[in-house]
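[1] A predicted structure for the sequence below; I have some questions about it.
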2 protein chains.
Amino acid sequence: MRNANRRIVLRARPEGIAGPEHFAEEPVAVRAPGPGEVLLETLYVSVDPAMRVWISENPGYVQRIEPGEPMRGSGIARVVESNVAGLAPGDLVHARTGWQSHPTLPAEAVEKLPAGTTAPTDWLGVLGMTGLTAYFGMREIGLVRPADTVLVSGAAGGVGQIAGQVARIEAARVVGIAGGAEKCAWLVRELGYHAAIDYNGEPDLAAAIARECPGGIDVFYDNVGGAMLDAALANLKLRARVVICGRISQTASAELYGVRNMGQLIGKRARIEGFVVTDFQHRFAEGRAWLAARMADGSLRHRVHELAGLEQAPEGLAMLFRGGNTGKLVVRVAD
Amino acid sequence: MRNANRRIVLRARPEGIAGPEHFAEEPVAVRAPGPGEVLLETLYVSVDPAMRVWISENPGYVQRIEPGEPMRGSGIARVVESNVAGLAPGDLVHARTGWQSHPTLPAEAVEKLPAGTTAPTDWLGVLGMTGLTAYFGMREIGLVRPADTVLVSGAAGGVGQIAGQVARIEAARVVGIAGGAEKCAWLVRELGYHAAIDYNGEPDLAAAIARECPGGIDVFYDNVGGAMLDAALANLKLRARVVICGRISQTASAELYGVRNMGQLIGKRARIEGFVVTDFQHRFAEGRAWLAARMADGSLRHRVHELAGLEQAPEGLAMLFRGGNTGKLVVRVAD
């Protein structure tokens, strides 16, 4: 086992939802670390909607993953061998493991976890890119204010579960949209969302939003795009901010949805803005400190959806686009 | 004649483009001014795309005009009788005349023109709401900066002709989109646009924009909406600002165009924002001073498209939506 690095590589570019049929397990020999490198044993890998973009024909602003290459991404790992000062065998790290069981990485791709504060998987979710995306998107792009009415789509997903709570902690009224009664009940009972809309049960989503946000929306934090964005645009308040964080309904869609309610922006003096969390890299420590403090005082809760076995990662990616996960999706690779 | 106030009233709500068939001339007796009122003789009335919104079934954020009511709007007039201190017979005023030849208005609807500085119609165009819309939209929403690449749709219209020049004066590179070779030549030769795209001659508008804005767009000042907005979204630069000023392609359209390129906003960290010029009312003096100074030094040019006779106003409104005007459209009511 020590001699094989199990890797999940792209086999064929998907059209539509990506899943097991687009990936293959392709072990390679473990590579001994050179100077400034560490050999890791991966414990968990992250599965994120953005991965579907990276493997598409035209990913736009990010580097494309080519067939034969392993999936990129974050993971939690244990140091096996180290040629890096400050990293010793046995240390737990947050690292750019990608979907690999025994990657050998340069020091800059590895960050030692603070000792024993929180579950290691939190560094992939609430304290990782996922939580930071929610924190900076809601605060810096959404400009959430006390008493705002905030709508979050994909509210039961990794980012959504945190985004709504950031708004709630900032004293906003928060409404989530999710698929299924169970997710909706969890949003309200566990995460403190003030209301939740089950899109499966709503033939007219704009009307459902109007019902749950009677005075309109100040901030729409959108992880879904498409028809959900259109329905939210029909319910904006004056000077509303729409945060385009993701568009999971469109990412794997062959035909793009056409958004018809753009005219609302004029009279409502409203704004739609996209962002990428890495633009806030210089402020990640601030974001992590804020999130960790709210976890510590009990005001910020979250769920990790765990799959077992590296080979489950492609199926996890498909789950994201079918709404199969609740909370942040990770894959356990080793104990 | 002194005894009749000629008014153009709404007869029937239009579907599609509004024109003469939706209006009627309905004279009423001139009303003598009460305390705090003036009686005016209208010289010019403004014709604006927003008027099509005001007469629609559901105008959104503005008060609807009902059948039988005269069209609202700005005009230039001469005071005939006055019960207002500071306004004397013969004074030229900028007033909320609407489409009426002899309105009687309260003092707050009337503003005396500064003596002899500029053509009276300039107070409907470049120094009126039209010019102020271009000024504040380009500067405060578009946040235009030196060396920006700026694209303006409806560039030969009342607002567009000024918006592009505001950007050019701020040292941006400015590309206009207009319908017809003549308008395009005028944009470049007279107004100093760096390039112009004739949408009539471009089957692939996104490709035409890519050709004329090779590095992409920093600011898109959009008066047209619909497919033009979509084509511009395909050509955004990092941190681009899209100013939704108007959407003349959609205002009178039965079926709304669906905008497909919203996903560009994420990777480009771009923003789409609507606005209404009256939000800047407290800064109109600043805007007018800026515009007047640039007219005086010759850097800001503009064209007024004049129709003769109040009865031409409805036809003027139709012209706006057919692209029949070049520059700011006004109707001369009296000499």
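    Yep, it's here.

[2] what residues does chain A put near chain B?
    Residues of chain A lying near chain B by Cβ under 8 Å from any Cβ of the partner chain: A:60-62, A:225, A:229, A:244-247, A:250-251, A:256-276, A:279. C-beta coordinates here come from the backbone N, C-alpha and C atoms, glycine included.

[3] give me every residue that touches the residue of the stretch 1-150 of chain A found nearest chain B.
    Using Cβ to the nearest Cβ, the single residue of the stretch 1-150 of chain A nearest to chain B is residue A:61, 3.2 Å away. Neighbour list for residue A:61: A:276, B:266, B:267, B:268 [criterion: Cβ atoms under 8 Å, 6 or more residues apart in numbering or on different chains].

[4] one step back: looking at the residues of chain A next to chain B, which are in helices?
    The helices, defined by DSSP state H, take in A:229, A:250, A:251, A:264, A:265, A:266, A:267 from the residues of chain A next to chain B.

[5] Which pLDDT value goes with the closest residue to residue A:258 other than its chain neighbours?
    Leaving aside its sequence neighbours, residue A:258 sits nearest to residue B:258 (Cβ to Cβ, 6 or more residues apart in numbering or on different chains; 1.5 Å). The model reports residue B:258 with a pLDDT of 97.

[6] Check residue A:2 too.
    pLDDT for residue A:2: 59.

[7] Just want the residue of chain A that's nearest chain B.
    Residue nearest to chain B within chain A (Cβ to the nearest Cβ): residue A:258, separated by 1.5 Å.

[8] Check the burial of that residue by counting its neighbours.
    The burial count assigned to residue A:258 is 18, neighbours taken as other Cβ atoms under 10 Å in any protein chain shown.

[9] Look up how far residue A:229 lies from it.
    Note on residue A:258: its distance to residue A:229, by Cβ to Cβ, to the nearest Å, is 11 Å.

[10] got it, and residue A:17?
    Using Cβ to Cβ, residue A:17 is found at 20 Å from residue A:229.

[11] go on, residue A:265?
    Distance from residue A:265 to residue A:229, counting by Cβ to Cβ: 12 Å.

[12] ok, now residue A:119?
    34 Å.

[13] can you pull the contacts of residue A:121?
    Residues in contact with residue A:121 (Cβ under 8 Å, 6+ apart) are A:44, A:76, A:304, A:306, A:328, A:330.

[14] Before we go further, it is sitting in a helix, right?
    Yes: remark: residue A:121 belongs to a helix, assigned using DSSP: H, G, I helix; E, B strand; the rest coil.

[15] Can you add secondary structure and give the contacts of residue A:121 back as a markdown table?
    Putting the contacts of residue A:121 into a markdown table (three-state DSSP) gives the following:
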| residue | secondary structure |
| --- | --- |
| A:44 | strand |
| A:76 | strand |
| A:304 | strand |
| A:306 | strand |
| A:328 | strand |
| A:330 | strand |
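
[16] For those residues, pick the one with the most neighbours.
    Greatest neighbour count in the contacts of residue A:121, by other Cβ under 10 Å, goes to residue A:330: 29 neighbours.

[17] partners of that one in the sheet?
    Residue A:330 forms beta bridges with residue A:46, residue A:306, as assigned by DSSP bridges.

[18] so how far is residue A:245 from it?
    Applying Cβ to Cβ, the value for residue A:330 to residue A:245 is 19 Å.

[19] Considering the contacts of residue A:61, which is situated nearest to residue A:12?
    residue B:267 (23.9 Å; Cβ to Cβ).

[20] Okay, that closest one and residue B:261: tell me how far apart.
    With Cβ to Cβ as the criterion, residue B:267 and residue B:261 are 11 Å apart.

[21] How about residue A:216?
    26 Å.

[22] which intervals of the stretch 1-150 of chain A have sub-threshold pLDDT?
    Low-confidence segments of the stretch 1-150 of chain A, defined by pLDDT under 70: A:1-2, A:117.

[23] ok, which stretches of it are strands?
    Using DSSP state E, counting those that start in this stretch, the strands of the stretch 1-150 of chain A run over residues A:4-5, A:8-10, A:23-25, A:28-29, A:37-46, A:75-82, A:92-95, A:104-106, A:110-112, A:149-153.

[24] Next: the stretch 201-335 of chain A.
    In the stretch 201-335 of chain A, the segments counted as strands under DSSP E, counting those that start in this stretch are A:217-222, A:236-244, A:271-274, A:304-308, A:328-332.

[25] OK, contacts around the residue located most distally from the centre of chain A?
    In terms of distance from the mean C-alpha position of chain A, residue A:35 ranks first, at 33.2 Å (Cα atoms, centre = their mean). Counting by Cβ under 8 Å, 6+ apart, residue A:35 touches residue A:83.

[26] separation between residue A:69 and residue A:28?
    Distance, residue A:69 to residue A:28, using Cβ to Cβ: 12 Å.

[27] still on that earlier bit, please work out which of the strands of the stretch 201-335 of chain A is packed deepest.
    Most buried of the strands of the stretch 201-335 of chain A by mean neighbour count (mean count of other Cβ atoms under 10 Å in any protein chain shown) is strand A:217-222; its value is a mean of 28.

[28] helices or strands next to that strand in the packing?
    Under the contact definition 3 or more Cβ pairs under 8 Å, 6 or more residues apart in numbering or on different chains; DSSP states H and E, strand A:217-222 sits against strand A:149-153, helix A:158-169, helix A:227-233, strand A:236-244.
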